[in-house]
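>>> With the input below, show me the fold.
(2 chains)
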Amino acid sequence: MLNPFRLFRPLGFLAGLAACFALPVSGGVALAQGAGCNAGTLCIDLNPRNFKPLPIAIVDFTGEAGQGAQVAGVITNNLKRSGVFEPIDRTRFPEQNIAFDATPNFAAWQSAGAQAVLNGRVVRDGARLAVEYRLWEVSTGKALLGQRHGVDAAAWRRLAHLASDAVFERLTGETGFFDTRIVFVDETGPKDKRRKRLAIMDQDGANFLALSSGDELLVTPRYSPRGDRVAFMAFGNGRPRVQVLDLGSGQRNVIGQDGVMSFAPRFAPNGGTLAMSIENNGQANIVAVDLGSRALRPLTGGGAIDTSPSYSPDGTQIVFESDRGGGQQIYVMSAEGGGARRISFGEGRYSTPVWSPKGDFIAFTKQRGGTFAIGIMKPDGSGERILTEGFHNEGPSWAPNGRYIVFFRESGAGAKLHMVDITGRVDVPIPTPNFASDPAWSPLRSAR
Amino acid sequence: MNMGLSRLARVSVVVALTAFVAACASNSTTDPNAAGLGGATTPGSVAEFQSAAVGDRVYFDTDSSEINGQGQAILERQAQWLNRYPRYSFTLEGHADERGTREYNFALGARRAEAVKNYLVARGIAAGRIRTISYGKERPVATCDDISCWSQNRRVQTVLSGG
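Presented below is the predicted three-dimensional model:
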């Protein structure tokens, strides 16, 4: 018997429709991501020159009482926050429900201003829950997408995230980013006695969970490439060292040596190596640690502050910050160390470089004239673009699709998390229960 | 009558100024000003080290780990005191203000602590008595979000143990 709750089973009769061909974009626009729209099928052009948010109607899913509306609500929130879609207000819906097997009234939806309609149903099978849905092009009445996802009922929000990713991918030609989580530092208490806890939540702020007690100072969590572990710096017993937490087992391992401050950890794409800084006699240098043997390889030397290493997605290079030339600037070197060349040359100080998972950009924090900006540049240092500026933005981390960046913004009382896109057009808060800093975006959960 | 009023006004100014200073520094449990104003402290005590007679903190310029003139004066007194009371070992806590990125500030705090360590060792303090740690920007003493506070947070604090 077929298991109807397998993940990612496209409905047969619609298979093959879901191709949104990526065409190279001509014209040399700096931020073109290579995903163009081919004529004749509904597709959102993310090129800033042509971009317009797409009006879409997400109709309450039918089936399981209440659950269908909740799923539609999560999808609506996701698509709206992405800045790519403009979900139509339900008060303007010509039909509040569309049976799963029915065809929408396209003429009515057209008058309501919708270019796409999403409808579906929620089906329960014991402890599991599934969604089936269809995405329609209003102008032609064509079904663009039909899919089914199943999960444990307790994790029902993932159904909405998986559906959001499928819609995003079908209509933009880019990979989605909704079925992801964010680890970060939860902050409570007065500013001079902050209680900092390692915390994790979904990318939309749901399912918040604290992973440490707050008895120890803990900062800068970073995801492993598979999303199964988190590296961070913690001040256990007054000894600031890098540690790795296994999210499955809850087991913690100290990576840094005793008596030496280690900080700024970042996994290599192979997951078996960690780059970090170690401090000796006031000098901070970057080392690579083999997580199996714990063997430690120095990658930089000298009296400067070399820190915030981040690997290129192919693992051959490391971008890092150094004050070897005076102030903080960004450099790229071989992942084996050596061959460092400076890539940041604008006015001000550049820090916290992070290589995009697509390899095309490096995100950074930039300080000039008392402000802190989040920006991106190409790996050769060209094409710098400031995405948000003010006092005080810091610590970018990429969404797995390389189109969105999460960071923290400090404004007097404390820090909160925000998300920007690589055009700087989208800038939305990510809700957290308390103050929050040092966010790190997980890989796509469904890609594991 | 007039004199009384003007005295009252002067007292109010002093009270207001004290409150202003306290607002920036009140969160510290080891405020040197508070100890200093209290009068005599026991020679060789932690309180004396923290008082204005010695001073347990050295302040730094923005993004700098150089020990300035004021800092040298304090470290000279610290060295004298620590040489007189060798029963103490101590930790040099390096700190940075919030106008820097987190990871860099850990390194900057470490650099400041190292600069103070080198200064004290050059004045005859045994390196074995000294431990250094950097808190980066994680432990501000002043949180009022302007220049007066930031300058108090760029510091190395000498924390005694033993004795």
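>>> hey, let's count contacts and neighbours off CA atoms from now on
Noted.
>>> How about the most centrally placed residue in chain B, nearest residue that isn't a chain neighbour?
Geometric centre of chain B, nearest residue: B:Arg57, 2.2 Å, by C-alpha atoms, centre = their mean. Setting aside the residues directly before and after it, B:Arg57 is nearest to B:Gln157 in space (C-alpha to C-alpha, 6 or more residues apart in numbering or on different chains), at 4.6 Å.
>>> How about A:Thr172, nearest residue that isn't a chain neighbour?
A:Ile44 (5.1 Å).
>>> cool, and A:Gly236?
Closest residue to A:Gly236 in three dimensions, ignoring its sequence neighbours and counting by C-alpha to C-alpha, 6+ apart: A:Glu216, at 6.0 Å.
>>> how about the one you found, secondary structure?
In terms of secondary structure, A:Glu216 is coil; the call rests on DSSP: H, G, I helix; E, B strand; the rest coil.
>>> In contact with it, which residues?
Shown in contact with A:Glu216 (C-alpha atoms under 8 Å, 6 or more residues apart in numbering or on different chains): A:Arg195, A:Lys196, A:Ala234, A:Phe235, A:Gly236, A:Asn237.
>>> Flag the shaky bits of the chain, pLDDT-wise.
Going with chain A. Residues of chain A that meet the criterion pLDDT under 70 lie in A:1-40, A:447-448.
>>> my bad, chain B
The model of chain B has pLDDT under 70 over residues B:1-39, B:145-147.
>>> thinking again about what came up before, and the gap between the residue nearest to A:Gly236 and chain B?
Counting by C-alpha to the nearest C-alpha, to the nearest Å, the separation of A:Glu216 from chain B is 12 Å.
>>> Ok, A:Glu410 next?
Relative to chain B, A:Glu410 is positioned 10 Å away (criterion: C-alpha to the nearest C-alpha).
>>> re earlier: what's near enough to touch the residue nearest to the centre of chain B?
Under the criterion of C-alpha under 8 Å, 6+ apart, the contact partners of B:Arg57 comprise B:Ile74, B:Arg155, B:Val156, B:Gln157, B:Thr158.
>>> In three-state terms, how would residue 156 be classified?
All of this refers to chain A. A:Trp156 falls in the helix class when you classify it by three-state DSSP.
>>> Neighbours of the residue lying closest to it once chain neighbours are set aside, how many?
The spatially closest residue to A:Trp156, leaving aside those adjacent along the chain, is A:Leu129, at 6.9 Å (C-alpha to C-alpha, 6+ apart). Other residues near A:Leu129 number 21, with proximity taken as other C-alpha atoms under 10 Å in any protein chain shown.
>>> Pretty sure A:Leu129 sits in a strand.
Yes - with three-state DSSP as the criterion, A:Leu129 is assigned to a strand.
>>> re the thing from before, and the contacts of B:Arg57, which two are furthest apart?
When those are compared pair by pair using C-alpha to C-alpha, the two farthest from each other are B:Ile74 and B:Arg155, 12.2 Å apart.
>>> Look at those two and report which has more neighbours.
Regarding B:Ile74 and B:Arg155, a neighbour count based on other C-alpha under 10 Å identifies B:Arg155 as having more, with 27 against 19.
>>> Distance check, the closest residue to the more buried one other than its chain neighbours against B:Val116.
The shortest distance from B:Arg155 to any residue other than its chain neighbours is 4.4 Å, reached at B:Tyr59 (C-alpha to C-alpha, 6+ apart). Using C-alpha to C-alpha, to the nearest Å, one gets 11 Å for the distance from B:Tyr59 to B:Val116.
>>> residues contacting the residue in chain B that chain A sits nearest to?
Distances between chain B and chain A by C-alpha to the nearest C-alpha are smallest at B:Arg111, namely 4.1 Å. With contacts defined as C-alpha under 8 Å, 6+ apart, B:Arg111 is in contact with A:Asn281, A:Gly282, A:Gln283, B:Ser65, B:Gly94.
>>> Quick one, which of those residues are buried?
Members of these that pass the buried threshold by neighbour count (16 or more other C-alpha atoms under 10 Å in any protein chain shown) are listed as A:Gly282, A:Gln283, B:Ser65, B:Gly94.
>>> out of the residues you listed, which are inside strands?
A:Gln283, B:Gly94 (DSSP state E).
>>> Which members of the buried ones among the contacts of B:Arg111 are the farthest-apart pair?
Pairwise distances across those peak at 13.5 Å for A:Gln283 and B:Gly94 (criterion: C-alpha to C-alpha).
>>> list the residues that contact both of those two?
Residues touching both A:Gln283 and B:Gly94 (C-alpha under 8 Å, 6+ apart) are B:Ala110, B:Arg111.
>>> you'd agree B:Tyr88 is up against B:Thr158?
No - B:Tyr88 is beyond contact range of B:Thr158, at 11.2 Å (criterion: C-alpha atoms under 8 Å).
>>> what about those two, which has more around it?
For B:Tyr88 against B:Thr158, the residue with the higher neighbour count under other C-alpha under 10 Å is B:Thr158, and the figures read 26 against 18.
>>> That one touches B:Leu92, doesn't it?
Yes - taking C-alpha under 8 Å as the definition, B:Thr158 is a contact partner of B:Leu92 at 4.8 Å.
>>> Wasn't B:Ala79 part of a helix?
Yes - looking at B:Ala79 with three-state DSSP, it is inside a helix.
>>> That one reaches B:Arg123, doesn't it?
Yes - the criterion here is C-alpha under 8 Å, and B:Ala79 meets it with B:Arg123 at 6.2 Å.
>>> In contact with the closest residue to A:Gln243 other than its chain neighbours, which residues?
When the adjacent residues along the chain are set aside, A:Gln243 lies closest to A:Val254, with 4.3 Å between them (C-alpha to C-alpha, 6+ apart). Residues in contact with A:Val254, defined by C-alpha under 8 Å, 6+ apart, are A:Arg241, A:Val242, A:Gln243, A:Val244.
>>> helix, strand or coil for the last one?
Assigned with three-state DSSP, A:Val244 falls in the strand class.
>>> Enumerate every residue touching it.
A:Val244 touches A:Arg229, A:Val230, A:Ala231, A:Phe232, A:Arg252, A:Asn253, A:Val254, A:Ile255, counting by C-alpha under 8 Å, 6+ apart.
>>> and with 10 Å instead?
Applying C-alpha atoms under 10 Å, 6 or more residues apart in numbering or on different chains, we find A:Val244 in contact with A:221-224, A:229-234, A:250-256, A:265, A:274, A:291.
>>> ok, now the second one?
Shown here is A:Val242, whose contacts under the criterion C-alpha under 10 Å, 6+ apart are A:218-221, A:231-236, A:253-257, A:261-265, A:274, A:276-278.
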